[in-house]
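no sequence for this one, just the structure:
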Ligand SMILES: NC(=O)C1=CN([C@@H]2O[C@H](COP(=O)(O)OP(=O)(O)OC[C@H]3O[C@@H](n4cnc5c(N)ncnc54)[C@H](O)[C@@H]3O)[C@@H](O)[C@H]2O)C=CC1
Ligand SMILES: O=C(CO)COP(=O)(O)O
């Protein structure tokens, strides 16, 4: 079936998804980036050198920084824009959104509003047909066609099945789920946990400590998610446990790298300077502000917030965690 996809966001993930979709000869793929100079460089080199080196972008992928050209004739939009830039970027598409489905690929929570990416999309574009695609899927591996499994979540079962059928392949396996809140919260919160896991590695605390952190991290994510209406089972699936494992252990994870460098004692300003996006940095702020209001216990994510945003020393934050009275294991 011939389909046209508009991928919004030419970072590592948008690039990898565009390359993945372009493997289907009957698909037309357009990749949009906010910054014309990066789009121009990608068009010239057929590669995203700074963010996804070594992955060739086929000639068939149309690269553009013009919103109207990107979405013209598209059957589906795929939004891979970092959460912090999502609202401002989508405002450039206002008036262009028809009733085509939009699949959100972002993993974060907007600062200030605490909105999930699909909530931002709905508010800015007024679109109703929304799905989320999330799970363990580093761009570096998907871009090279290595096997992965992810989950498509939508309140509309038909749309989740559509995504499964048209975006999934043998090597990019797409499961379905109806818990949009849970899948989006999993994707956002695991990034904060990955910063904590990187801290643990940078401080050379060892494998036992990291296993404890990841396990208690999952309990904390689940507690937070259930308090916001998510289904606890989602946290044990691909979007939760699956993505938590890969992000906490993979050499590719930008969030883990932020934690690792802070744990090794590098200055905060240098670590947070970019250019790659580590969503957990922003999400830790959204979560912190939220738990201050609703009074939930999130000791690991609060520790990450204090290190990243308040400059607490990693060792002091860990000491605070270790001094906590261990309670019942249940989340
Ligand atoms: N990299 C990965 O393996 C995966 C990333 N994701 C999620 O996808 C989303 C995008 O992440 P990546 O592609 O990895 O980001 P990235 O770090 O590779 O790229 C950053 C992107 O932000 C854009 N940007 C920079 N300044 C901007 C501005 N002022 N306005 C608008 N755009 C601006 C850049 O052009 C670039 O497209 C994030 O929410 C991330 O959590 C999800 C799954 C996998
Ligand atoms: O979400 C991801 C893999 O599933 C990417 O994680 P990082 O943003 O930490 O690289």
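Now that the structure is in, tell me what you want to look at. Being a predicted model, the structure only gives us computed values, none of them experimental. Numbering: from 1, shown residues only. Ligands and ions are numbered 1, 2, ... in the order given.

quick one: residue 79 and residue 117 touch, right?
Yes. Using C-beta atoms under 8 Å, residue 79 is in contact with residue 117, at 7.1 Å. C-beta here means a position set from N, CA and C on the backbone, and glycine is covered the same way.

common neighbours of these two, please.
Residues touching both residue 79 and residue 117 (C-beta atoms under 8 Å, 6 or more residues apart in numbering): 86, 104, 106.

from the residues you listed, which single one is nearest residue 152?
residue 104 (10.5 Å; C-beta to C-beta).

so what's the closest one up against?
For residue 104, the contacting residues are 79, 117, 118, 121, 130, 131, 132, 133, 184, by C-beta under 8 Å, 6+ apart.

count residues in the vicinity of the residue of the stretch 1-150 of the chain found nearest ligand 1, would you?
With C-beta to the nearest ligand atom, the shortest gap between the stretch 1-150 of the chain and ligand 1 falls at residue 11, namely 2.4 Å. Using other C-beta atoms under 10 Å, the number of residues around residue 11 comes to 22.

quick one, grab the pLDDT at it.
For residue 11, the pLDDT comes out at 97.

anything in stretch 135-144 near ligand 2?
Yes. Counting by C-beta under 6 Å from any ligand atom, ligand 2 is contacted by stretch 135-144 at 136, 137, 138.

check stretch 103-118 too.
Yes. Contact of stretch 103-118 with ligand 2 (C-beta under 6 Å from any ligand atom) involves residue 107.

what does stretch 133-140 rub up against?
12-13, 15-16, 52, 55, 78, 103-105, 107, 148-153, 163, 167, 174-175, 183-184, 186-187, 238-239, 242-243, 245-247, 250, 252-253.

span of it from start to end?
Start and end residues of stretch 133-140 are separated by 17 Å (C-alpha to C-alpha, to the nearest Å).

for the chain, what lies in contact range of ligand 1?
9-14, 33-35, 38, 51, 80, 82-83, 85, 89, 105-108, 137-139, 276-277, 279.

filter the residues you listed down to the buried ones and hand me the ChimeraX line.
To isolate the buried members of the residues of the chain next to ligand 1 in ChimeraX, using 16 or more other C-beta atoms under 10 Å:
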select :9,10,11,12,13,14,33,34,38,51,80,82,83,89,105,106,107,108,137,138,139,277,279
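
buried sites along stretch 55-62?
If you call a residue buried by 16+ other C-beta under 10 Å, then stretch 55-62 has these buried ones: 55, 57, 61, 62.
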